[in-house]
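K.L.:
below is the sequence, then the predicted model.
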Amino acid sequence: MQLIACPWCGPREEIEFSYGGQAAVAYPADPASLSDEQWARFVFFRDNPKGPFAERWVHSAGCRRWFGAVRDTRTYEFLSVGPLSATTARTSVLPEATP
Amino acid sequence: MTHAGTTAPTTAPTPPGADLPEHQESLWRSAEPKRSYDVVIVGGGGHGLATAHYLAKLGITNVAVLEKGWLAGGNMARNTTLIRSNYLWDESAGIYEHALKLWEGLEEDLGYPILFSQRGVLNLAHTEQDVRDSVRRVEANKLNGIDAEWLDPDEVAKVCPIVNVSGDIRYPVQGATFQARAGIAKHDYVAWGFARRASEAGIDIIENCEVTGFVADGDRVTGVRTTRGDIAAGTVALCAAGHTSVLLDMLGVPAPLQSHPLQALVSELLEPVHPTIVMSNAVHVYVSQAHKGELVMGAGVDTYNGYGQRGAFHIIERQMAAAVELFPVFARAHLLRSWAGVVDVTPDASPIVGATPYENVFLNCGWGTGGFKATPGLGWAFADTVAHGRPHPLVAPFGLDRFVTGALVDEHGAAAVAH
Amino acid sequence: MADTSMLVRHPLETRRTLLAELSAELDGVALELEAPLAAVDLRLDPAGPGPAAVAEVAGGPLPPQPDTWTGLAAGQALRLGPDEWLLTSAAARPEDWEFGLDEAAAPFGGAAVDVSAQRTTVRVRGASARPLLASGCAIDLRPASFPRGRCAQTLLGQAGVLLVALADDDLQLFVRPSFAGYVVDWLVDAAQEFRRPS
Amino acid sequence: MSRIEGYGRIDRSRHVTVTVDGAAYTGHPGDSLASVLLAHDARPANTGVKLGRPRGIGASWTEDPTGLVQVEEPFPEPMLLATTVEATDGLVARGVNGQGRLSEVPDLARYDRLHTHCDVLVIGAGPAGLVAARTAARRGDDVVLVDDRPTAGGTLTGTETIDGRPSLDVVDEIVAELTTSPNVTHLQRTTAFGHYDDGFVLALERRTSHTDDGGLARRSRQRVHRIRAARIVVAAGAIERPIVLEDNDRPGIMLAASARDFLHRYGVLAGREVVVFTSDDAAYAAAVDLHDAGASVQVLDARATAPTLWSRRCADRGIAVTANTHVHGTRGEDRITAALVGPERREVACDLLLTSGGWNPTAHLFSHVGGRLAYDPSLGAFRPAAPRPGVEVIGAADGTFGLADILRQAGGVGAPPANEEPRDPTAVLWRTDGDPTRQFVDIQRDATVADIARAVGAGMTSVEHVKRYTTIGTAHDQGKTSGVIASGITAELLGRPVEDLGTTTFRPPYTPVAFAALAGRERGDLFDPVRTTPIHDRHVAAGAEFEDVGQWKRARHYPHPGENMTDAVLRECAAVRTSVGIMDASTLGKIDVRGPDAAVLLDRLYTNMMSSLKVGRVRYGVMCGNDGMVFDDGTVLRLADDRFLVTTTTGNAAAVLDWMEEWLQTEWPELRVRLTSVTEQWSIFAVAGPRSRDVVGAVFADLDVSNEAFGFMTWHDTALDGVPVRLARISFSGELAFEVSVSAWYAPAVWARLLEAGRDHGITPYGTETMHVLRAEKGYPIIGQDTDGTVSPHDLGMAWAVSKKKPDFVGRRSFGRPQNQDPLRKQLVSLLPTDAATKLPEGSQIVRFADDGRLPAPPVPMLGHVTSSYHSAALDRPFALALVKGGRERIGEVVGVPVAGELVPALIGETVLVDPEGARRDG
């Protein structure tokens, strides 16, 4: 039962938010040029690390703004929240998942 | 005014817990890992153990089952033990119905009192669309030779008198599908029964043995690295449920899996009041009454990814509200204990079973909330898959390639409800 | 014969009397329906000259802080998000309120959309107003945390609301009209705790 | 009677009568049900769940594993501990045999929730909690103090001295100070039962359990406090640990501190001839106090030597103390009559055997949130191992037992002083020698040492396995007294240290919580919001039957007296096809899309082209997900170059707005577009039928509604008494139709005016069911009914709505996957049962029609299913829409539909059955 710090509204109950899954999965620049395999990767495949995970969240019951977060999927603890652009550079903020 | 709600029993009957069977005197050998096995099964849960059991039946016994913690301590120890096969699509109906048939003979096969009780499952419909989807599923089940009925609210009340079928609740019950052969079993007994048989057949069950990596040679995996040393493997079978992604990341194999907490709870022991199993997707609750008398309930998955084996309490609260709405008699029951498992969910709510880019590594995962009920069926078909090095026809539709071709087996789109 | 006059009434007008009667029996809580207001949803870049330009038309400054509101000449400016405000007016006609504010915001890439009928308002007053709301609203309602001048889009029971602190003992609830019946039922039910002993 | 004068905090001036197992007992306000029974040397008629042996009361509070009762009056409730049920006049209860019974009497009580935010939450109002709360309150913190018992003070009995005064005087003084502090909320009878992330604790307050009347009807019976605290202080005390011995399940065997608690709290002496068997100092206090209250007491200490100070105190009183001695078993039938002492099993007559093997810190609330516990061999128990941010564990919950130490830990330098009592170390003793089949570890589950031995013998090495094999720790008490002992005995049998095994995880709730309490006020009408349109009252007045669509109540049809749904729908359909009908379509989702890039966004999200739509015109659009499956549909009005009004289906209104916002905010933030929900701003009424133009023209006299001036799929603004109104030529019925949009403020008036204007034409309000029939006759799909998330626009026959000019839009790439090229994909077609009489049930499956008209034995390959099925007034026959494999290739083919065991033949046809040329719609 998290208290999630919306970058705009401040800390609110988890129930006010919706989960948007992995951050930084960009829509392909030219889907038509992708193989079926590559397209399937974009549509269906997402990382599923056990540990810190760069994610997207939206404050559905509040300001309705999307934001980025790094959250530990073992403890559920939010390690950071911020505008999407800040957390989508996931190679710089996301440590390797520990096995 | 007197309004005594209950009356004292007139005679001193047998104590309610007197007739439950005892566990066996011997279960499984706690084996030390050998250097090498023909088959290494990663994951000592229900699926891993069932696969081992059916491999042994195929004469393959140089097998290790590696469990990172205590045997069957993951989702097997945490599920709500619902068994049914009334799925919509032919592919799902095939594997789950095969499983159900095996369940019906499993007690004998395992020589273990697994307390399989075929008490039927009601899937309630609350809206016009629920009704359409339910009829669709019932008709599909019948054509697939699976027992299924559509019941109107009065018939629902006959099967389960404590369901509130009055028209003045928020989402009145419009009817239900009923599969009479559905049931429950004792999860620990099932796991231990498989483990015992596998162990008797000479298969090594190795606990506290976590896989930390794989040794690959081209498109073959030659062994697994574990916290108890390296183990060479002729074939590797992955049965790690919610932790599959962790293993696949080690192998560099992507899969469309997301691991989520799934919560469940029990009440105290109560006198028999609930003769069947009731599921309601619309109000997110399912409930049965276990052999000793506790109400066992589950809810929907928590929305975010999580490996923490715990979930958020507001989901439990919402589930309690739904339970009391549908079963007014439950108002006074008490929540005794709640817990969570980690379920691996796929985009089409169907499992992923079959080949991987490594020719001798086979994958079994993505069962979401449906893993327990599939246990013997999956174990049987996966053992065959592993033994013959190709997907058994029952699991063939569930390969990873379906996400590329688009041949999904979409089990949430059409109300073949989860759990 | 149904009333065909174009009279503007609160969607829950038929319950106004009931709420008044109930409030008279409560200790420290009064529930009241507020008159409909013209309102626009204003989207505007908060940086730059836009807010000041809009403020002139709106009749008061736009609140610069998240989750706060300021008074306008005949209404309120409530900050809903980084680039979003709700501007109300008890004086203007909705279409005029939208037109004027849109005209003011447009040069700065902003837009105003008439949402006068998209929300309706319930007033909760009294020393027990906050405890009443705290039975269904999870945000920190202590006066020090949610003083006059604050507002918050949040949940009350299962319904989304915009909660506005007018004073320690005076709060406003903006709610979608379709949810208003539920919210009022919810408030009436919660208010039973505050009935005076008869 | 075992009530002792001069003891207890009960109100002896008043009496209450309770009935247990049919016998009446008198007690006093302040009593528990257990204390009333013990005062009468009685017990509930309890028996063990497996073996059926008699069971008594084994402790004085929530740790009691045995004293469960079924309360019948005044408020029926199963499986409550007699120790926690407050004795109120008229209470009726009975003993249980291990199972409770759910009453069929409806639970009409109220339950509610309260959210509280504070700086410090203190859990437990014993000496540690009280001092911690007072310290924080004096510092100016907002403090919440919760404690599960009826009164504060914890295990303090009044015999202790704090600050040179009787301890309970100090308790009263602190409570008084807290009560008058405006920044303190102090709640007794409130059990913190779950601890979650970020300082979130759930606590259950029993608000009426001590009142005779079940509480004021309007006051909630129980309340779940949802507390967010910046800092949490767990001061929940400790639970005494019994020593397992043969036949330790007999009534008359109790924890030592509990006997003392019964004496000091309730003035009840639980036995006259008392044997105290201990390996810990604390039990001596019980021995001394029970002696002083009139019992004959002897102490058997398992340790090599008895503690000096306590030995002297005992000697002063003539209490025999024997060290280095074990109790090995008991005698008795319904109650203990003797303890079997020493290796020779000497019978020592007694009616009460007290055991004490030390104390288990109550660290559950610390553990719930992931706090790690470690075995402390000096305690024989698990205690918090490492701090967690924001959580402090103090006092006995942290394994601190001396009162002086506890107060210092709780209050720092300002803490009131207490006497320093020397304490000899606890000897860890899980059990004594005896027959393991009669040594009960979990008394409620009838699980014995022999069961643990069987588990270990079967190869179990993990406590989790042993717990599951034996069921130890899974009962009502969740192993409060048995859990650690089970770990200890398992370790012993395995020959491994306890710390290697660990203990099982503590999970919420700490004590059981009623389902209804957790449901709170989300029952009945408040279970889920009911959403209604601005003219809901009009529908009710018109006799509408309603349908749940998401949370909305939508008018489904308006039956006249004597009509069933079929009759009403046929009448409403006929009215629309022959004259004019009106429907409330206000629930449709509406999104105002504004900005220079509005058309770009819509082009990316709809399968069809929206940028080419001209201002003043309307276009039907389809949206797909990335997977290329239809997600929603609706109309799009272009209001200006940079402004569109998008409508969505009722059920998907929120989802579509969220979908658009997600793309806009997370994928294409560079697009200059603003999205605003105006779903409830605008009410929409569909006026449909050949006379709709007359009706609309009459109401909106300023508007030219001729076909020339106001063509199909265009919109026009007008005004009514100065109020802006928008009309659009949109038809979901296939008839000439107008959608009238007006601010919801004016919805009732506009609805009334349209009805009035249509009266001469017999204008007929119609509901969603009628709308469904009308649209199905035209082959228009309902998303979510004729689709199920596996259907592409092409499958619906809507290739015309998929742009071939746009290089990309969401879902486009998926159309190229192999599966989407399969000619056997299911496609939407119509089905006409050839008997022209059978209405095919929606959801029916479709199979090949066999010449003999019989359904083959399973498995039968399925070709598809019926998605929509109705009686058509226009066709005067039943018809259906269906998704059929390769359906369009099969047009003209007869297939079979199993209905109640019969195979009904049905002809596959084109989807549009009424007015395929569209002449009526466009006229």
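P.N.:
Structure's in. What do you need?

K.L.:
look through chain A and state the residue closest to chain C.
P.N.:
Of all residues in chain A, residue A:63 sits closest to chain C, at 3.7 Å by Cβ to the nearest Cβ. For the C-beta atoms, the positions are set from N, CA and C on the backbone; glycine is no exception.

K.L.:
is the longest strand along chain C up against chain D anywhere?
P.N.:
The single longest strand within chain C, with elements called by DSSP state E, is strand C:159-167. Yes. Interface with chain D: strand C:159-167 contributes residue C:159 (Cβ under 8 Å from any Cβ of the partner chain).

K.L.:
ok, that strand near chain A or not?
P.N.:
Yes. If you take Cβ under 8 Å from any Cβ as the test, strand C:159-167 does meet chain A, through residue C:160.

K.L.:
need phi/psi at the residue of chain A closest to chain C.
P.N.:
Residue A:63 has phi and psi values of phi -80, psi -10 when expressed as degrees, to the nearest 10.

K.L.:
measure it to residue C:109 for me?
P.N.:
According to Cβ to Cβ, to the nearest Å, residue A:63 stands 19 Å off from residue C:109.

K.L.:
quick one: which of these two has more around it?
P.N.:
Shown here are residue A:63 and residue C:109; by other Cβ atoms under 10 Å in any protein chain shown, residue A:63 has more neighbours (25 against 16).

K.L.:
how about the contacts made by the residue lying closest to that one once chain neighbours are set aside?
P.N.:
In this structure, residue A:63 finds its nearest non-sequential neighbour in residue C:81, 3.7 Å apart by Cβ to Cβ, 6 or more residues apart in numbering or on different chains. Going by Cβ atoms under 8 Å, 6 or more residues apart in numbering or on different chains, residue C:81 touches A:8, A:63-65.

K.L.:
residues in contact with the residue of chain A closest to chain C?
P.N.:
Contacts of residue A:63 by Cβ under 8 Å, 6+ apart are A:6, A:8-9, C:66, C:80-82, C:84, C:153.

K.L.:
up against chain D, what does chain A have?
P.N.:
Going by Cβ under 8 Å from any Cβ, the residues of chain A near chain D are A:1-3, A:11, A:18, A:20, A:26-28, A:30-32, A:34, A:36, A:39, A:42-44, A:56, A:58, A:60, A:64-66, A:75-77, A:84.

K.L.:
ok, and which of these reach chain B?
P.N.:
Contacts with chain B within the residues of chain A next to chain D, as defined by Cβ under 8 Å from any Cβ: A:1-2, A:18, A:36, A:43-44, A:75-76.

K.L.:
mind picking the two most distant members of the contacts of residue C:81?
P.N.:
Maximum pairwise distance in the contacts of residue C:81, criterion Cβ to Cβ, is 9.7 Å, between A:8 and A:64.

K.L.:
the helices in the chain, which residues?
P.N.:
Picked chain A for this. When assigned using DSSP state H, the helices of chain A occupy the ranges A:36-44, A:84-87, A:90-93.

K.L.:
oops, chain C please
P.N.:
Using DSSP H, helices in chain C cover C:16-24, C:50-58, C:94-105, C:129-134, C:177-191.

K.L.:
okay, those in TSV with mean pLDDT next?
P.N.:
As requested, the helices of chain C are exported to TSV (pLDDT from 0 to 100):
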stretch	mean pLDDT
helix C:16-24	96
helix C:50-58	96
helix C:94-105	97
helix C:129-134	98
helix C:177-191	97
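
K.L.:
format those helices as a markdown table; extra columns: distance to residue D:730 and mean neighbour count.
P.N.:
Converted to a markdown table, the helices of chain C look like this (distance: least, Cβ to Cβ, whole Å; neighbours: other Cβ atoms under 10 Å in any protein chain shown):
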| stretch | distance to residue D:730 | mean neighbour count |
| --- | --- | --- |
| helix C:16-24 | 36 | 14 |
| helix C:50-58 | 34 | 19 |
| helix C:94-105 | 23 | 20 |
| helix C:129-134 | 42 | 22 |
| helix C:177-191 | 22 | 22 |
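
K.L.:
among those, which is nearest residue D:720?
P.N.:
helix C:94-105 (12.8 Å).

K.L.:
how about residue D:599, what does it touch?
P.N.:
By Cβ under 8 Å, 6+ apart, the contact set of residue D:599 is D:610-611, D:613, D:644.

K.L.:
let me know the closest of those to residue D:632.
P.N.:
Taking Cβ to Cβ as the measure, residue D:610 is the one of the contacts of residue D:599 closest to residue D:632, at 14.2 Å.
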